[in-house]
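Colleague: Here is a sequence together with a model predicted from it:
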Amino acid sequence: MLGGMQDWQLRLSGLIDHAAREHGQREIVTYWADGSESRSNWGELRQMALRMVQALRRVGLRPSDRVGTLAMNHVHHLASWFGVTGAGGVLHTINPRLFDEQLEYIINHADDRVLLYDAAFQPIVDRLRARLPKVEHFICFDDGAFADWIATEDGDTAWEPGGERDPAMLCYTSGTTGNPKGVLYEHRSTILHAMAAVAPSVANLEPRSAIFPIVPLFHAAAWGLPWAGASVGAKFVFSAVNEPARLCELMRREGATHVAGVPTVWLGIFQHLDATGQDLPPFSQAISGGSAFPPAMVERLLRAGVRITHAWGMTETSPIATTSYETEGWDALSLAEQVRYKASQGRAVFGSEVRAVDLDDPARVLPRDGTSAGALQVRGFWCIKRYFKAESDAAQAPEQWFDTGDVAIIHPDGTVQLTDRTKDVIKSGGEWISSVDLENAAIGHPGVAEAAAIGVAHPRWDERPILVVVKKDGAEVEAAELIRFLSTKVAKWWLPDAVEFVDEIPHTGTGKISKKDLRERFRDYRLST
Ligand code: AMP
């Protein structure tokens, strides 16, 4: 028997229709890289997206075809989110900080047919164009090309019809070993995530909110905030440049209520305020995620009366899975207790479920006892089942638990506390560094017998890589020389902050380097800022 309610598919076009109909005048403000400013609104954005639907049909885009964007945060980029998905296509947001080889790999792997990009990334496009045989159209967002591309259309069309399980968005993550992997979000999963994100216990959004996502649109869909913000018709403030002085000025000028960024962004803002003697801009809600949120930053925001959402999640979880929401008795907690809780990864939000399992015996689910640390697993309405084009599922049937690669303790009240990571990657300033790639590069040096890269705590970048090296017998290798050698092999920001020469690197029973032991050994390692 079916229920007696109406037949609506959960499609992203419904979000922009609602935002334009009920909040058409609500502003979308962009501060461009050249210092200029433009002001649009949900009504205009919908028109722009519909014209884009026509332009995409003109170039032959078929449902489920991929359109890549290589762009910072601005109104044209946001319009393309609704334009591409409204045409039935899949929006593939690309992280411009990746290296050429990674960009080439993911654009080709995604089969992007159109690439929309910022003028600032023209050099990347020029370098890669010949290696991207499947991209038929390269369209620059600025310099008038994007505006011209949609200018001949009138917007008098309908969104592409389709089902709610159709793919909508593709985000690659390099937070795994091997090549980056694509996570293919659906219309339905994205709408459900947006509806959950609005709640006070998640991003706490309402029509009066003025959201300033400093998290880039290419990072796990800017944590889903653009979709969630559309569902309430919130104002958006975008800055194509993430310079702390400018960010703070914009927060004040545009009356930002919700500011979202990774801890490294928050630190930059605090340092700017300290250097100039300014007060915190008067926003009411801070949203942080992507890396651990240091207690000192939490305390500073709480003391300023700012409400904090510290979220844990992954590209694979759309991304929000847990948040540090307040529960009964919150006001009675001491400041120290509030800081401790807000610095944890918080509790599962409805739609996501978490558990910890024994690291050596994954069939054994660990108790939520506040002491047992295990492999953190997650499942839910917007959690990955299978990576794009993969041959097998990433989540284990039939229970669908997905192994996050994080290690956590779960407390009796459900609070998740991350303690370590099993995946062999390092996260610096919100971006991934592959330890395996660093190690392989180091092994290429004639004086290196064995090398292991691990992340150590860093006050600004959260983590930075250090390289632990065993020299070949009789070889003379100096740290500076090794770094010089590596600088010809990897990007500058991947270079280890220090090289430690040791006699032996610990191994596991199966002969692999034991990163766990190494991380333990270098737990108190101090890097200079
Ligand atoms: P990404 O897919 O790039 O968003 O990275 C997801 C990974 O970032 C997680 O598996 C964690 O290792 C890390 N991460 C995300 N949020 C947090 C957080 N709040 N605290 C600590 N680590 C986090």
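Modeller: Nice, I can see it. Numbers count the residues shown, from 1 in each chain.
Colleague: going forward, measure contacts between C-alpha atoms and count neighbours the same way
Modeller: Noted.
Colleague: Up against the ligand, what does the protein have?
Modeller: 173, 175, 289-292, 310-315, 345, 404, 406 (Cα under 6 Å from any ligand atom).
Colleague: go with 8 Å
Modeller: For the chain, the residues in contact with the ligand (Cα under 8 Å from any ligand atom) are 173-175, 219-220, 288-293, 310-316, 319, 344-345, 404-406, 418, 421, 427, 430-432.
Colleague: what stretches of the protein score poorly on pLDDT?
Modeller: For the chain, the stretches with pLDDT under 70 are 528-529.
Colleague: Among the residues of the chain next to the ligand, which are located in strands?
Modeller: In strands, defined here by DSSP state E, the members of those are 173, 288-289, 310-313, 404-406, 418, 421, 427, 431-432.
Colleague: how much space is there between the closest residue to the ligand within the stretch 1-150 of the chain and H219?
Modeller: Using Cα to the nearest ligand atom, the closest approach of the stretch 1-150 of the chain to the ligand is made by N95 at 10.7 Å. Computed as Cα to Cα, to the nearest Å, the N95 to H219 distance reads 7 Å.
Colleague: Next: V125.
Modeller: Here V125 is placed at a distance of 20 Å from H219 (Cα to Cα).
Colleague: cool, and M195?
Modeller: 19 Å.
Colleague: next one: E104
Modeller: E104 is 18 Å from H219, by Cα to Cα.
Colleague: And for I454?
Modeller: Distance from I454 to H219, by Cα to Cα: 23 Å.
Colleague: Between these two, tell me which one has more neighbours.
Modeller: I454 (25 against 21; other Cα atoms under 10 Å).
Colleague: Find the helix or strand that that one is a member of.
Modeller: I454 belongs to strand 448-458 when assigned by DSSP states H and E.
Colleague: Any chance you could list what contacts that strand?
Modeller: The contact list for strand 448-458, computed with Cα atoms under 8 Å, 6 or more residues apart in numbering, reads 425-427, 435-436, 438-439, 442-443, 463-472, 475, 477, 496, 505, 513, 515, 518-519, 522-523, 525-527, 529.
Colleague: For that strand, which strands pair with it and how are they oriented?
Modeller: Paired strands of strand 448-458, with direction, are strand 462-471 (antiparallel) (DSSP bridges).
Colleague: how about the partner strand as CSV, C-alpha atoms only?
Modeller: Taking C-alpha atoms only, strand 462-471 is exported to CSV below (Å, rounded to 0.1, in the frame of the first residue of the first chain):
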residue,chain,number,x,y,z
ASP,A,462,46.9,22.0,12.3
GLU,A,463,49.4,19.5,10.9
ARG,A,464,52.6,19.7,9.0
PRO,A,465,54.6,16.8,7.5
ILE,A,466,57.9,15.7,8.9
LEU,A,467,60.0,13.1,7.3
VAL,A,468,61.7,10.3,9.3
VAL,A,469,64.6,8.9,7.4
VAL,A,470,67.0,5.9,7.7
LYS,A,471,70.2,6.6,5.7
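Colleague: Identify the residues contacting it?
Modeller: 263-264, 291-292, 426-429, 435, 439, 447-458, 477, 494-505.
Colleague: where along the stretch 201-350 of the chain do the helices fall?
Modeller: For the stretch 201-350 of the chain, the helices defined by DSSP state H, counting those that start in this stretch cover 225-232, 244-254, 263-276, 295-303, 335-342.
Colleague: buried set for the third one?
Modeller: It refers to helix 263-276. Buried residues in helix 263-276, counted by 16 or more other Cα atoms under 10 Å: P263, T264, V265, W266, L267, G268, I269, F270, H272, L273.
Colleague: same check, this time on the first one
Modeller: Within helix 225-232, the residues that qualify as buried are L225, P226, W227, A228, G229, A230, S231, V232, counting by 16+ other Cα under 10 Å.
Colleague: for that helix, the distance to its chain's centre please.
Modeller: For helix 225-232, the separation from the chain centroid amounts to 16 Å (computed by Cα atoms, centre = their mean, to the nearest Å).
Colleague: Against which helices or strands is that helix packed?
Modeller: Packed against helix 225-232, as judged by 3 or more Cα pairs under 8 Å, 6 or more residues apart in numbering; DSSP states H and E, are the following elements: helix 13-23, helix 187-197.
Colleague: In CSV: those helices, plus mean neighbour count.
Modeller: Formatted as CSV, these follow (neighbours: other Cα atoms under 10 Å):
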stretch, mean neighbour count
helix 13-23, 20
helix 187-197, 22
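Colleague: Domain map for the chain?
Modeller: Taking automatic domain parsing as the reference, the chain has its domains at 14-350, 352-422, 424-521.
Colleague: Quick one: end-to-end distance for the longest one.
Modeller: Translated: domain 14-350. End-to-end span of domain 14-350 (Cα to Cα): 22 Å.
Colleague: what does stretch 108-124 give?
Modeller: First-to-last residue span, stretch 108-124, Cα to Cα: 15 Å.
Colleague: what angle do the helix ranked longest in the chain and helix 225-232 make?
Modeller: Longest helix in the chain by number of residues (criterion: DSSP state H): helix 42-58. Orientation of helix 42-58 against helix 225-232 (axes from the mean of the first three to the mean of the last three Cα atoms, to 10 degrees) gives an angle of 120 degrees.
Colleague: Check the offset of helix 42-58 from the chain's centre.
Modeller: 26 Å.
Colleague: for stretch 449-469, same thing?
Modeller: Relative to its parent chain, stretch 449-469 has a centroid offset of 22 Å by Cα atoms, centre = their mean.
Colleague: What is whichever strand or helix holds S38 packed up against?
Modeller: S38 belongs to strand 37-41 when assigned by DSSP H and E. Using 3+ Cα pairs under 8 Å, 6+ apart, the elements in contact with strand 37-41 are strand 27-31.
Colleague: Put the alpha carbons of the strand it packs on into CSV.
Modeller: Taking Å, rounded to 0.1, in the frame of the first residue of the first chain, the C-alpha atoms of strand 27-31 are listed here in CSV:
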residue,chain,number,x,y,z
GLU,A,27,21.1,39.5,-1.6
ILE,A,28,24.1,37.5,-2.9
VAL,A,29,27.1,39.7,-2.7
THR,A,30,30.5,39.0,-4.3
TYR,A,31,33.8,40.7,-3.6
